[in-house]
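S.K.: A predicted structure for the sequence below; I have some questions about it.
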Amino acid sequence: MPATSAEPSDMDGWRDERRDEAVAAFAASIPALYRNEITLDPDVAAWADRIPGAPVSLFLWGPLGVGKTHSAWQATRRWIAAQFAGAYRGTPTVQTWRSTALFDALRPDDTGGTPKRLMSALQTADLLYIDDVAAARVSPTGWTQERLYEIFDERYINQLPVLITSDVQPGQISPIVGERVTSRAAEIFRGGVVHLGGADRRKAAAA
């Protein structure tokens, strides 16, 4: 007897297996400090769960110690699970970077350029997550900012999501990423800027 709409099909079961495998693989890559599941801000949860009307990209900002990075890792885990709803398009690719490591990677290599494979991965991944963007060091030549603009511009054109955490608002990141990236970010994160407030959890834990 063929499966009815109320019964899971073989495809549904296979897709659920792929989802669980993808989520488990990503969960294993989450730093130990952020592996515990937490209650997400409603706007963050809406983005992660792909609720209709949620923005494509998300910019989480707020003071130190309010859980921005923890929220971002857990939101990404839920975002991956949500990609398996509806038509199966394959396991999503996710690039996760701390800003200081990303800026180092974008600096010119021995040949005077940024590795093409890295640039392609950053431009085309299904999700790019950059943590603590305001912590990065400015490149004195502007090389890093230009590469970052190329990444952001390509993702904006193709409507590929970006997730960022920061101690400052989007309009205040220009000293780090440059004016062009800041301008493009204003479009990328339109409707997706979320302020996380509260006390510094690190100080509370140490008290």
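M.R.: All right, it came through fine.
S.K.: could you point out which element follows the longest helix that the chain contains?
M.R.: In the chain, with assignment by DSSP state H, the single longest helix is helix 10-29. Following helix 10-29 in sequence order, the next helix or strand is helix 42-48 (DSSP states H and E).
S.K.: same for that next one, what does it pack against?
M.R.: For helix 42-48, the elements it packs on are strand 58-61, helix 68-82, judged by 3 or more C-beta pairs under 8 Å, 6 or more residues apart in numbering; DSSP states H and E. C-beta here means a position set from N, CA and C on the backbone, and glycine is covered the same way.
S.K.: Please convert these to JSON lines, extending it with mean pLDDT.
M.R.: Formatted as JSON lines, the helices and strands packed on helix 42-48 follow (pLDDT from 0 to 100):
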{"stretch": "strand 58-61", "mean pLDDT": "98"}
{"stretch": "helix 68-82", "mean pLDDT": "97"}
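S.K.: among the ones you listed, which is the most enclosed?
M.R.: For the helices and strands packed on helix 42-48, average neighbour numbers computed from mean count of other C-beta atoms under 10 Å are highest in strand 58-61, which has a mean of 25.
S.K.: List the neighbouring strands of that strand plus their orientation.
M.R.: Here strand 58-61 has these sheet partners by DSSP bridges: strand 162-166 (parallel), strand 193-195 (parallel).
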